[in-house]
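J.: structure of the sequence below:
(one chain, ligands or ions: 1)
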Amino acid sequence: MSQKVQPLKKLSGQVCSDLEFLFTDIDDTITLDGMMPAETLESVYMLDKAGIKVILVTGRPAGWCDYFARMWPVAGIVGENGAFYFSYNRKKKRMERVYLVSESERRANRLRLNLLGEKILSSVPGCRISADQPFRIADLAIDISEDVEPLGKEEVKRICGIIEEHGAEYKISSIHINCWYGTYDKLTCFDRFLSNFTGGTLADYQDRLIYCGDSPNDEPMFKTLENTVAVANIEKYLDSLEYLPAYITDGKGGHGFAELTHHILEKRNGID
Ligand SMILES: [Mg+2]
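T.: Numbering: from 1, shown residues only. Purely as a prediction, here's the structure:
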């Protein structure tokens, strides 16, 4: 581990002033103990008012994403680990839904995922299909600690092995193992969002965006993006991460996200 995580206060005024897009994970990054603190919503309103476009990023289902895109002052939401983004155009009163695989592929993939789910449930005692599965479009989520007793490392490894044997992709979050067929991920979906929204690519916007996360499933973003922030609860994973976030907050979950928001806005307003 050659990099070093710096405290949030080191995030420069230049980055904060140039900032156009703030991509943030949801679970345990803007939530706290499984709930959404009031200061999170207030922070998103403050960022929006300052002209910073917030894009939520999650493994959570399409049904949840539809609500966030419509009700929150966000530019969009990347859901189901990059399967799609939703963006609500308030002026035109239109929800834009962009998927990274076609409808016919999604239908075929659903049948394969159903079989994969049956295989996992019959092979690994203690896991369940996640309670939010009926609201998902492109993936299958196996509950490993949300509404079940947390599974051990061996069981998690066994589930991942079955997914690999069936040729699917997967990501492990703090609560679920999400699996899907298709070569997309969150970063490819960011790229699609930016290209549709601005005409530019993720590479073009490297110095005008920040990503905020909390756990090992945010590591691809810590690896690829320049300006990454983690909330304090990432502490327990730091020794096991190959790619670290650039900065870390003092506060956990939503408190850390509010801290990031205040830092950005104070730096943009020239307050040190
Ligand atoms: Mg998270």
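J.: Gly167: what's its closest spatial neighbour, skipping adjacent residues?
T.: Using CB to CB, 6 or more residues apart in numbering and skipping residues adjacent in sequence, the residue nearest Gly167 is Tyr181, 7.4 Å away. (Each C-beta comes from the backbone N, C-alpha and C, glycine too.)
J.: what about that neighbour, neighbour count?
T.: 20 (other CB atoms under 10 Å).
J.: do the same with Leu116
T.: Counted with other CB under 10 Å, the neighbours of Leu116 add up to 23.
J.: and what of the one 4 residues further on?
T.: By the criterion of other CB under 10 Å, Ile120 has 22 neighbours.
J.: so who does the residue nearest to Gly167 touch?
T.: For Tyr181, the contacting residues are Glu105, Asn109, Arg112, Leu113, Gly167, Ala168, Glu169, taking CB atoms under 8 Å, 6 or more residues apart in numbering as the criterion.
J.: so the second one touches Leu140, yeah?
T.: Going back to what we said before, that points to Asn109. No - no contact is recorded between Asn109 and Leu140 when judged using CB atoms under 8 Å, the distance being 9.3 Å.
J.: domains in this structure, by residue range?
T.: In the domain annotation for the chain, the residue ranges read 6-100+184-268, 103-180 (automatic domain parsing).
J.: how long is the first one end to end?
T.: Start and end residues of domain 6-100+184-268 are separated by 20 Å (CA to CA, to the nearest Å).
J.: let me know the pLDDT of the closest residue to Glu20 other than its chain neighbours.
T.: The shortest distance from Glu20 to any residue other than its chain neighbours is 4.3 Å, reached at Arg208 (CB to CB, 6+ apart). Taken from the predicted model, the pLDDT recorded for Arg208 is 97.
J.: with the one 4 residues further on instead?
T.: Model confidence at Cys212, given as pLDDT, is 98.
J.: which residues of the stretch 1-150 of the chain score low on pLDDT?
T.: In the predicted model of the stretch 1-150 of the chain, residues 1-3 satisfy pLDDT under 70.
J.: looking at the domains of the chain, which one is packed in the most?
T.: Sort the domains of the chain by mean neighbour count, taking mean count of other CB atoms under 10 Å, and domain 6-100+184-268 sits at the top with a mean of 19.
J.: may I ask you to confirm that Val44 is in contact with Pro73?
T.: Yes - using CB under 8 Å, Val44 makes contact with Pro73 at a distance of 5.8 Å.
J.: shared neighbours, these two?
T.: Common contacts of Val44 and Pro73 (CB under 8 Å, 6+ apart): Val54.
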